[in-house]
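Trainee: Coordinates only, no sequence provided:
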């Protein structure tokens, strides 16, 4: 028995010794990298960032294809600790690393971020490039890091003495309690936006009563999450965009979008809040604006005085709002050459009556980001308050002339009247998507398409043949049903389309004229 115990004790000791020795590989088991690493990419483009705002995190994979375990003598940034890039190598943060091990036929991740202060240069835009080095001496390999950094004007709420940020009153809840959001009033020297630098807004920037926020041609405004612009009563927003020569760059267009500049955010809905034209605001003018990726594009409230427009829009486009592109409550809107594209709600939603004049406009809802709860055009002469009470007001006018109302649903126009208030509307020379076989609307006089007081020269369900409706490219192709169907008597007042193309002879429906490619 004693010998048996000695025997198994010796075996156990030997086994443990072998395991211990195997788990204690010294550096001499690794050979230095000979410069034959492979990389998932030879250049890491960190896309575009704003000055002093951190980038997203980007990754690089490093491969050891050899049959030997190696160590990389040096992994680090070309300017070392002075670099504005930051690394994380296999889970360890830093800017420089020595003797990084990499097993045979294995790989490791390098994660890269940057924050850069463009004031270090004399430029408003600066291409910040640096090499990421692997190895030393003649075996050194490089991967280039490239970031475009833009200078910007940052507008944001102040932090008060109690460490709470400035707030604005958003509204009241059903109990009459104030709802507040982070925001601030623009100072007098902040009421003119220029095209010199982009603007980045955090929280809601409010235009004070009696003031006008003016934006020059080529202005770029980027909104952080839950941010936007509020235009108070007796205040105005005037956007003076102009027709651009380059329809890719849109150099003279005013553009509103989110503050994430990576390509994957270019068409992602709901990145920021809204432009809210509040009750009592007046004389708002929008020309050559592109607004995209908001929660609600434009929120427009009227105050019952409908003699003059609350908002006039020309040559503008709004799309990719996660709710409505334009949400009007009892306001007066005049729109010409305006494009309202895909939205998670309606392209245009008008409630509690109001007055609307849309001429040569395209309302086309081809939302492709999941379920949507709206149509291209929704008009109501009532609204349901948070308390559940129904409030009504006259729809004094709703004229849609030489326009397209279309989309991916079987019906893209909804009209709803509360009988206690008027509902006046007129569609003239329009192309409309509507399910004519829907039994639920047959007895509804609002959908009596033979009534010439409501519908005149309207074409239903013929294909407008948009260039690429899923990408909100809503200009028309050569076989479009919209070609030559506009009433020229109304086109005279709008002689060119949204792109400046002449439309005086045989005008087409919608905001775009068909252009023959010769």
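Mentor: Cool, the structure landed. Here the structure is a predicted model, which means the values were calculated and not measured.
Trainee: What ranges in this structure fall below the confidence cut-off?
Mentor: Filtered on pLDDT under 70, the chain yields the residue ranges 1-28, 517-518.
Trainee: Identify the residue nearest the geometric centre of it.
Mentor: residue 293 (2.5 Å; C-alpha atoms, centre = their mean).
Trainee: so who does that one touch?
Mentor: Applying C-beta atoms under 8 Å, 6 or more residues apart in numbering, one finds that residue 293 lies in contact with 257-258, 265, 267-272, 320-321. For the C-beta atoms, the positions are set from N, CA and C on the backbone; glycine is no exception.
Trainee: and the spatially closest residue to residue 70 that is not a sequence neighbour, what does it touch?
Mentor: Leaving aside its sequence neighbours, residue 70 sits nearest to residue 33 (C-beta to C-beta, 6 or more residues apart in numbering; 4.9 Å). Neighbour list for residue 33: 64, 70-73, 102, 134-135, 139 [criterion: C-beta under 8 Å, 6+ apart].
Trainee: and of those, the nearest to residue 405?
Mentor: residue 134 (58.6 Å; C-beta to C-beta).
Trainee: How many neighbouring residues does the closest one have?
Mentor: When neighbours are counted by other C-beta atoms under 10 Å, residue 134 registers 23.
Trainee: so what's the residue lying closest to it once chain neighbours are set aside up against?
Mentor: Among residues not flanking residue 134 along the chain, residue 141 sits closest, at 4.6 Å (C-beta to C-beta, 6+ apart). Residues near residue 141 by C-beta under 8 Å, 6+ apart: 35, 37, 39, 133-135.
Trainee: List only buried entries from the residues you listed.
Mentor: Neighbour counting with 16 or more other C-beta atoms under 10 Å marks 37, 39, 133-135 as buried within the contacts of residue 141.
Trainee: picking that back up, how about TSV for the contacts of residue 141, with secondary structure and distance to residue 164 added?
Mentor: As requested, these are exported to TSV (DSSP: H, G, I helix; E, B strand; the rest coil; distance: C-beta to C-beta, whole Å):
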residue	secondary structure	distance to residue 164
35	coil	56
37	coil	51
39	strand	47
133	strand	46
134	strand	48
135	coil	51
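Trainee: Relative to residue 478, which of those residues is nearest.
Mentor: For the contacts of residue 141, the nearest to residue 478 is residue 39 (47.4 Å; C-beta to C-beta).
Trainee: I'd say that closest one and residue 62 touch.
Mentor: Yes. At 5.9 Å, residue 39 and residue 62 qualify as touching, with contact defined as C-beta atoms under 8 Å.
Trainee: of all the contacts of residue 293, which comes closest to residue 408?
Mentor: residue 320 (14.7 Å).
Trainee: can you give me the helices for this structure?
Mentor: 2-22, 488-491 (DSSP state H).
Trainee: Off-centre distance for stretch 100-119?
Mentor: Counting by C-alpha atoms, centre = their mean, to the nearest Å, stretch 100-119 is centred 30 Å from the centre of its parent chain.
Trainee: same check, this time on stretch 317-332
Mentor: On C-alpha atoms, centre = their mean, the centre of stretch 317-332 falls 14 Å from that of its chain.
Trainee: Mind listing what's buried along that stretch?
Mentor: Under 16+ other C-beta under 10 Å, the buried positions of stretch 317-332 are 317-332.
Trainee: Take those residues and keep only those in strands.
Mentor: 317-319, 326-329, 332 (DSSP state E).
Trainee: that older thread, just the buried residues of the contacts of residue 33.
Mentor: So, by 16+ other C-beta under 10 Å, the buried ones in the contacts of residue 33 are 64, 70, 72-73, 102, 134-135, 139.
Trainee: Out of the residues you listed, the closest to residue 307 would be?
Mentor: residue 134 (71.1 Å).
Trainee: So which of the buried ones among the contacts of residue 33 belong to strands?
Mentor: Per DSSP E, those map to strands at 64, 70, 72-73, 102, 134.
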